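> Sharing a model that was predicted from the sequence below.
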Amino acid sequence: NVIVNDLPAGSVVALEPQETVLDIGTGTGVVAAAAADEAERGVVVGVDPSVPMLRLARAHATIRLAGAETPGLPFPVRTFDVVVANLVVSHLERYEIGLTDMVRVLRPGGRLGVTTWGSLDDEPVDDGQQRQLTGIWTSIAGHFVDMDVAGDVVDAAIPWEAWFGDPAHLRAALEGSGLRQVDLQARTYRRCVSQRDALAGYETSFWGRYLRHTLGDRDWARFRREVAATAAEALPDPIMRVDQLLIGVGTKRFATRP
């Protein structure tokens with residue numbers, strides 16, 4: 001929900017009570033639900049290509065939902081006041097086409113907000129426990145699958161994740177889609193989480209979904225047990241999780257054509 005209610009006051013993405021909002025890649029509906037609280041007299045729509053995720057979103061909050069993705073959003077031009085895409089653009093095969101589609105459904109003067117993993121500077125963060133847990137996960141995964149093959153599959157699924165970690169790339173992409181007044185901000189989130197919750201996050205990532213699909217139920221269960229046992233011996237419980245996010249917000253030009 002960072003691009004809805006965690007930016008400083010005065011950010012151009014701040015929602016008005018009557019605005020219409022589109023949440024792309026809504027997942028469990030957390031961002032859409034937060035937007036619905038802010039735009040209490042408006043309309044909020046969440047879209048996702050995954051039917052199981054839409055079911056989770058339906059259980060999470062009462063919001064309008066549709067099965068859809070970008071490019072190919074099933075809405076007329078100039079439909080929404082605000083479009084948000086939380087950790088979505090890195091997954092697009094052609095991010096420039098996806099962003100153009102997002103801008104297409106914005107009204108002139110409307111705002112597009114996106115997030116990607118990354119930071120505005122090179123200052124190190126104390127994420128040693130998280131890195132160690134990642135090392136345990138990948139090391140044990142290497143005993144079960146060919147990591148080169150797995151890496152190729154994952155890179156194909158999130159082709160722009162590393163690229164968008166550079167704030168200059170994010171700014172250029174947003175400006176290239178026809179947005180003006182592009183504002184970039186960064187957030188670092190630190191929180192203590194149980195090992196169980198931390199590993200659940202790995203398991204629901206694309207890496208985790210790939211491993212589960214590749215291994216089958218029996219080997220997947222064995223893999224999970226080995227990771228949990230190794231983490232319990234090597235790390236404290238809970239551990240510190242650190243997430244660094246780039247937040248980009250831009251406004252659609254009034255002269256921009258759909």
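Right, received. Where do you want to start?
> Please name the residues that touch the nearest residue to P74 once chain neighbours are set aside.
With sequence-adjacent residues excluded and distances taken as Cβ to Cβ, 6 or more residues apart in numbering, P74 is closest to A68, at 5.3 Å. For glycine as for every other residue, the C-beta is placed from the backbone atoms N, C-alpha and C. Going by Cβ atoms under 8 Å, 6 or more residues apart in numbering, A68 touches 47-49, 74.
> now do 10 Å
A68 makes contacts with 22, 24-26, 45-49, 54, 74-75, as judged by Cβ atoms under 10 Å, 6 or more residues apart in numbering.
> next one: V44
V44 makes contacts with 4, 15, 19-23, 26, 29, 31-38, 61-65, 80, 82, 84, as judged by Cβ under 10 Å, 6+ apart.
> Find the centremost residue of the chain, please.
Nearest to the mean C-alpha position of the chain, by Cα atoms, centre = their mean, lies L87 at 2.0 Å.
> Report whether the expected contact of that one with V114 is present.
Yes: with contacts counted by Cβ atoms under 10 Å, L87 reaches V114, the gap being 8.5 Å.
> quick one: which of the contacts of V44 sit in strands?
20-23, 64-65, 80, 82, 84 (DSSP state E).
> returning to that earlier point: just the buried ones from the contacts of V44?
Burial by neighbour count, 16 or more other Cβ atoms under 10 Å: within those this picks out 4, 15, 19-23, 26, 29, 31-36, 38, 61, 63, 65, 80, 82, 84.
> Mind picking the two most distant members of the contacts of A68?
L54 and F75 (16.5 Å; Cβ to Cβ).
> which of these two has more neighbours?
Under the criterion of other Cβ atoms under 10 Å, the comparison of L54 against F75 puts L54 first, with 21 against 16.
> in the stretch 1-150 of the chain, what spans have low per-residue confidence?
Where the stretch 1-150 of the chain drops to pLDDT under 70, the residues are 1-13.
> How are the helices of it distributed by residue range?
Assigned by DSSP state H, counting those that start in this stretch, the helices in the stretch 1-150 of the chain fall at 2-5, 30-38, 51-60, 95-104, 128-141, 147-157.
> can you tell which of these is closest to L174?
helix 95-104 (7.1 Å).
> wouldn't D126 be in contact with M240 here?
Yes: in this structure, D126 is within contact of M240 by Cβ under 10 Å, at 7.5 Å.
> shared neighbours of those two, which are they?
The contact lists of D126 and M240 share R190, where a contact means Cβ under 10 Å, 6+ apart.
> Any buried residues in stretch 68-79, and which?
So for stretch 68-79, counting by 16+ other Cβ under 10 Å, buried means 68-70, 73, 75, 79.
> Endpoints of that stretch, how far apart?
Length of stretch 68-79, first residue to last, Cα to Cα, to the nearest Å: 15 Å.
> All good on my end, thank you.
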